[in-house]
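1. below: sequence and its predicted model.
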Amino acid sequence: MDAVFIITGVFIIITGTTIKHFRLYDLIAGYNTMSSKEKASFNIERYATMMRNVFLFMGLFIVVGALINMWLKTEFISIIVTLLSITVGLTCLIIQGQRLKKNTNDNTKYN
């Protein structure tokens, strides 16, 4: 069971890094459905950097939780760490994404 958590953590880290460094922005939900005008005004580089960082921390917490779980020989730590890291990470992405989108829209109104 711990191997599943480690693989999941590594997959999350690779996904965030791949989206940022290979510019796979169309994999980001919401960005691929924006119009060309909205895409031009949205700071996708900043959002992709933030997304990579959040995914990196989520993946690292999951892997560390699985390693602690293996060391203590319990199953609850991995589950709790995984649920908390994903919940907190995705909440941060949503809130920061909305702030970034709002700031971008506000800046285009006054230019």
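-> Now that the structure is in, tell me what you want to look at. A quick note: this is a predicted structure, and the numbers were derived from the prediction, not measured.

2. give me the neighbour count for residue 95.
-> A count of nearby residues for residue 95, using other C-beta atoms under 10 Å, gives 10. C-beta here means a position set from N, CA and C on the backbone, and glycine is covered the same way.

3. quick one: mean pLDDT over the helix or strand it falls within.
-> Residue 95 is part of helix 76-110 when elements are defined by DSSP states H and E. Mean pLDDT, computed over helix 76-110, is 82.

4. next, the buried residues of it.
-> 77-78, 81-82, 85, 89, 92-93, 97, 100-101, 104 (16 or more other C-beta atoms under 10 Å).

5. out of those residues, who's nearest residue 2?
-> For the buried residues of helix 76-110, the residue nearest residue 2 by C-beta to C-beta is residue 78; the value is 6.4 Å.

6. what secondary structure does the residue lying closest to the closest one once chain neighbours are set aside sit in?
-> Spatial nearest neighbour of residue 78, chain neighbours left out: residue 69 (4.1 Å); criterion: C-beta to C-beta, 6 or more residues apart in numbering. Assigned state for residue 69: helix (three-state reduction, DSSP: H, G, I helix; E, B strand; the rest coil).

7. count the residues that sit near residue 69.
-> Neighbourhood size, residue 69 [other C-beta under 10 Å]: 22.

8. the one 5 residues further on too?
-> Residue 74 sits with 12 neighbouring residues when counted by other C-beta under 10 Å.

9. for it, phi and psi?
-> Phi and psi for residue 74, reported as degrees, to the nearest 10, are phi -130, psi 170.

10. which residues does stretch 68-75 contact?
-> For stretch 68-75, the surrounding residues in contact (C-beta atoms under 8 Å, 6 or more residues apart in numbering) are 1-2, 5, 76-78, 81.
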